[in-house]
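Visitor: The sequence isn't on hand, but the structure is:
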Ligand code: PLP
């Protein structure tokens, strides 16, 4: 191929992949061309687990921890994956390289997959599937709003109990989370916190929650996803000599908080400025929250957390 033809092909590729790249189960394709089979049980029964990892300034952040959690999830559902963990990791790296995205939201999922149509009730015969996509980094709360803090409500919708759906297996059972989010929007808030059936704090639509009282961090120990950002908060708090613990967090403790923040891969550490219209930390981001917020983004330069993408 001539240099001119090569360059034209590169330009065409960049155009096709400008919105992102996806892995459709067998190959990397431009995101708008990705399709999944309609009989995939991930789609029909939410029989699927997933994970989301970020790419920041050309490197995956904590890829190992996300792959380890993903492995626990698909093993927890009894899936036998069509690719090894190492192969799936490489697919993610290749997919992001193809997308050319430097700051990306990278989704991966494992589904129960495709039934044998002669015997669709026989779960042993399903062909498990692996899909993924990478798009421009998604902010659950955009950086401008993070500077002033976010308004949240305590939802009237309880979190699905862990006895019904294991929240440590990152799953698509978002019915409760979506209802809570819609309730928040109706009330003019950004998002919602969900309680368990006993009235203790759990998590929200796509994030974990930390409460700060008398200089100490508390976060729910049950009915939550074990977030990788939550893990990073624990590690940063330790380095900063801030006491942090996972425990039961009753609603009264939440309401009495000095500061509150939520945390997730898609946005980092995000301060709360009001809860059910009552100001938190004087209606602005609290000082400990902001120290952690700063340390979190600084950690994105720390090689121990990074897996660089080879964009060739
Ligand atoms: N809790 C729920 C329900 C989530 O969906 C997420 C992320 O999507 C989190 C917590 C935060 O997890 P992580 O920090 O690993 O992104």
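Guide: Received, thanks. Predicted model, so just to flag it, every value in this text is computed and none were measured. Numbering: from 1, shown residues only.
Visitor: Enumerate the residues of the stretch 51-200 of the chain near the ligand.
Guide: residue 52 (CB under 6 Å from any ligand atom). In this view, the C-beta of every residue, glycine as well, is placed from N, C-alpha and C.
Visitor: Whichever residue of the stretch 51-200 of the chain sits closest to the ligand is in what secondary structure piece?
Guide: Taking CB to the nearest ligand atom, the ligand has its nearest neighbour within the stretch 51-200 of the chain at residue 52, 5.5 Å off. Here residue 52 sits within strand 48-56, counting by DSSP states H and E.
Visitor: Lowest average confidence across helices and strands of the chain, where is it?
Guide: helix 3-16 (a mean of 79; mean pLDDT, DSSP states H and E).
Visitor: residues in contact with that helix?
Guide: Helix 3-16 has contacts (CB atoms under 8 Å, 6 or more residues apart in numbering) with 1, 30, 98, 100.
Visitor: and what of stretch 34-48?
Guide: With CB under 8 Å, 6+ apart, stretch 34-48 has contacts from 22-25, 77, 109-115, 117, 126, 129, 131, 133, 171-173.
Visitor: out of those, which are inside strands?
Guide: Those of those mapping onto strands are 22, 23, 109, 110, 111, 112, 113, 114, 129, 131, 133, per DSSP state E.
Visitor: sorry, back to before: and the residue of the stretch 51-200 of the chain closest to the ligand, how close does it get to residue 153?
Guide: 24 Å (CB to CB, to the nearest Å).
Visitor: what does residue 37 give?
Guide: 39 Å.
Visitor: Show me which of these two is the more surrounded one.
Guide: Each of residue 37 and residue 153 has its neighbours counted (other CB atoms under 10 Å); residue 153 has more, 21 against 14.
Visitor: Check the contact between that one and residue 194; I expect there is one.
Guide: No. Using CB atoms under 8 Å as the test, residue 153 is too far from residue 194 to be in contact (10.3 Å).
Visitor: related to what we said a few turns ago, pick out the most distant pair among the contacts of helix 3-16.
Guide: Pairwise distances across the contacts of helix 3-16 (CB to CB) peak at 20.6 Å, for the pair 1 and 30.
Visitor: For those two, indicate the residue with more neighbours.
Guide: A side-by-side neighbour count of residue 1 and residue 30, using other CB under 10 Å, places residue 30 first with 17 against 8.
Visitor: What residue spans form the domains of the protein?
Guide: Here the domain assignment for the chain is 3-138, 143-300, based on automatic domain parsing.
Visitor: Check these for me: which has the lowest mean pLDDT.
Guide: Looking over those, mean pLDDT reaches its minimum on domain 3-138, with a mean of 94.
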